[in-house]
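S.K.: Whatever this is, show me its structure:
(2 chains)
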Amino acid sequence: AQKVTQAQTEISVVEKEDVTLDCVYETRDTTYYLFWYKQPPSGELVFLIRRNSFDEQNEISGRYSWNFQKSTSSFNFTITASQVVDSAVYFCALSGGSTGGFKTIFGAGTRLFVKA
Amino acid sequence: NAGVTQTPKFQVLKTGQSMTLQCAQDMNHNSMYWYRQDPGMGLRLIYYSASEGTTDKGEVPNGYNVSRLNKREFSLRLESAAPSQTSVYFCAGRPGQQNTEAFFGQGTRLTVV
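M.R.: Residues are numbered from 1 along each chain as shown, chains lettered A, B, ... in the order given. Take a look at the predicted model:
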């Protein structure tokens, strides 16, 4: 069965600190897709990134970066120089393979507090 | 361009009452989804519609029904609400391809007393 684990329930940092959100996934499939979504206090979910299982290149987008390591089944998300606006719940998700491309498995989420 | 719109935003029901959550998208998405979000459990898929005219069960379909009225609209019905259905419900849409990112509505906070 497919599974996504976000072991960090809550993280609290002070503004300008770097923070890494962990995501570990389980799947027996060779083709799959990983996602990160952000849910700010306003409640809507916002897509951040998608990565397929054949692309292990790390990605950087401004202060955000993602580290995908198939060897450890991890897809970690780092925010550099965190800001108060980064305070949100972040979800890692997995789709494809045996669940089918329409079904996405979400982790439980990590709530990030960034204090000024 | 509204994206994915859900109504209502908030609702309180008594146990046993029924209601329909509405979702409409103007992004020409082929597939649409209903999720529920509960504390500590992330989002769980209730039902989805891969294309107009089709619906399929997700992880937690019991107690719910759906209708894909047309390409734009996908409604979720609770026939006899139970306190266990207290949750935040999200509708989402995806472009035609599988495994693409989802676009979510603002959510409906439902309380069943």
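S.K.: Indicate the residue of chain B located nearest to chain A.
M.R.: Nearest residue of chain B to chain A: B:Q98, at 2.3 Å (CB to the nearest CB). For every residue, glycine as well, the C-beta is placed using N, CA and C.
S.K.: in a helix, that's where that residue is, yeah?
M.R.: No - assigned with DSSP: H, G, I helix; E, B strand; the rest coil, B:Q98 falls outside any helix and is coil.
S.K.: Would you mind naming what in chain A lies close to chain B?
M.R.: With CB under 8 Å from any CB of the partner chain as the criterion, chain A comes near chain B at residues A:4, A:6, A:9, A:33, A:35, A:43-47, A:50, A:52, A:91, A:93, A:95-96, A:100-104, A:106-109.
S.K.: before we move on, the earlier item: number of residues surrounding the residue of chain B closest to chain A?
M.R.: A count of neighbours around B:Q98, defined by other CB atoms under 10 Å in any protein chain shown, yields 17.
S.K.: wait, doesn't it sit right on A:T104?
M.R.: No - B:Q98 lies out of contact with A:T104 (CB atoms under 8 Å); the separation is 9.9 Å.
S.K.: Mind listing the shared neighbours of those two?
M.R.: Shared contacts of B:Q98 and A:T104, defined by CB atoms under 8 Å, 6 or more residues apart in numbering or on different chains, comprise A:S95.
S.K.: any idea of the pLDDT on the nearest residue to B:Q37 once chain neighbours are set aside?
M.R.: The spatially closest residue to B:Q37, leaving aside those adjacent along the chain, is B:V88, at 4.5 Å (CB to CB, 6 or more residues apart in numbering or on different chains). The score at B:V88 is 97. That number is its pLDDT.
S.K.: Then the one 5 residues further on?
M.R.: Confidence per residue is given as pLDDT, and for B:G93 that number is 93.
S.K.: ok, B:T55 - contacts?
M.R.: B:47-49, B:66-68.
S.K.: List the residues that contact the closest residue to chain B within chain A.
M.R.: Nearest residue of chain A to chain B, counting by CB to the nearest CB: A:G101, 2.3 Å away. By CB under 8 Å, 6+ apart, the residues touching A:G101 are A:33, A:95, B:97-99.
S.K.: Alright, calling it a day.
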